[in-house]
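Student: build me a model:
(2 chains)
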Amino acid sequence: GDSVTQMEGPVTLSEEAFLTINCTYTATGYPSLFWYVQYPGEGLQLLLKATKADDKGSNKGFEATYRKETTSFHLEKGSVQVSDSAVYFCALSDHGGATNKLIFGTGTLLAVQP
Amino acid sequence: GAVVSQHPSWVICKSGTSVKIECRSLDFQATTMFWYRQFPKQSLMLMATSNEGSKATYEQGVEKDKFLINHASLTLSTLTVTSAHPEDSSFYICSACRSSNQPQHFGDGTRLSIL
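Tutor: All right, here's what the predicted structure looks like:
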């Protein structure tokens, strides 16, 4: 079945450092790919998405490019801030299904130190 | 915007009681709502998909008699954890979407602690 694999955390960075969180997927169809962010004690917020190969999603300085050839959707940010500390989830939605069910990776905790 | 409200945000109760969690779409009509469970430091696991006016579809391994889901209107779905026990303690999150091909919008979650 479809699945999402993302790098384990925690990832600890200093403020203004470069961030990469790896995400790879397996899917039988042509999924849409998402990054969600979860701040402590809260639900999930959509950070960015890409719906087809070579699309780049971007928001709040974060970027991820849908790479079909490597089945990857790595999250990057050039300069992280303390306020970026959160758990980041990579997810896919397979359009072939009857509903837009989301399959999540295990999440990566990012801790940014001042 | 698309706002989803969950209530309560935190509940503590004794073992054996039933707990109801509400999920409301505040500014849109949600034909489909999803219920997830999240264990500490783990990912979200889909429990069930709820369509307005019909029975929920449960994922494999989720007891439908234990986790009762009702989606009686286009703005409200409820999850009732019946005869809750300490192992049911978890973070429950709902999401809602306008239709099956629209993005999911998530609530802030409900932390359930069973003593």
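Student: show me what from chain B comes close to chain A.
Tutor: Neighbours of chain A within chain B, by Cβ under 8 Å from any Cβ of the partner chain: B:4, B:6, B:32, B:34, B:41-44, B:46, B:49, B:93, B:95, B:97, B:100-109, B:111. All C-beta spots, glycine's among them, are computed from the backbone N, C-alpha and C.
Student: separate out the buried members of these.
Tutor: The neighbour count (16 or more other Cβ atoms under 10 Å in any protein chain shown) marks B:4, B:6, B:32, B:34, B:43-44, B:46, B:49, B:93, B:95, B:97, B:103-109 as buried among the residues of chain B next to chain A.
Student: need the pLDDT of A:Glu42.
Tutor: pLDDT recorded at A:Glu42 is 81.
Student: circling back: narrow the buried ones among the residues of chain B next to chain A to those in strands?
Tutor: Judged by DSSP state E, strands contain the following of these: B:Val4, B:Gln6, B:Thr32, B:Phe34, B:Leu44, B:Leu46, B:Thr49, B:Ile93, B:Ser95, B:Cys97, B:His105, B:Phe106.
Student: how about low-confidence regions in chain A?
Tutor: Within chain A, the ranges that satisfy pLDDT under 70 run A:95-99.
Student: what is the neighbour count of the residue nearest to A:Arg67 when sequence neighbours are not counted?
Tutor: Distance criterion Cβ to Cβ, 6 or more residues apart in numbering or on different chains; nearest residue to A:Arg67, sequence neighbours excluded, is A:Phe73 at 7.0 Å. Neighbourhood size, A:Phe73 [other Cβ atoms under 10 Å in any protein chain shown]: 29.
Student: check contacts around A:Phe73.
Tutor: If you count contacts by Cβ atoms under 8 Å, 6 or more residues apart in numbering or on different chains, A:Phe73 has them with A:Cys23, A:Thr24, A:Tyr25, A:Leu33, A:Trp35, A:Ala50, A:Ala64, A:Thr65, A:Tyr66, A:Arg67, A:Cys90.
Student: quick one, strands of chain A?
Tutor: Listed in chain order, the strands of chain A (DSSP E) span A:3-6, A:11-14, A:19-21, A:23-26, A:32-38, A:44-50, A:56-59, A:62-65, A:75-77, A:86-93, A:102-104, A:108-113.
Student: could you dump these to CSV with distance to chain B?
Tutor: CSV is the format used below for the strands of chain A (distance: least, Cβ to the nearest Cβ, whole Å):
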stretch, distance to chain B
strand A:3-6, 9
strand A:11-14, 14
strand A:19-21, 14
strand A:23-26, 12
strand A:32-38, 8
strand A:44-50, 4
strand A:56-59, 12
strand A:62-65, 16
strand A:75-77, 15
strand A:86-93, 7
strand A:102-104, 5
strand A:108-113, 8
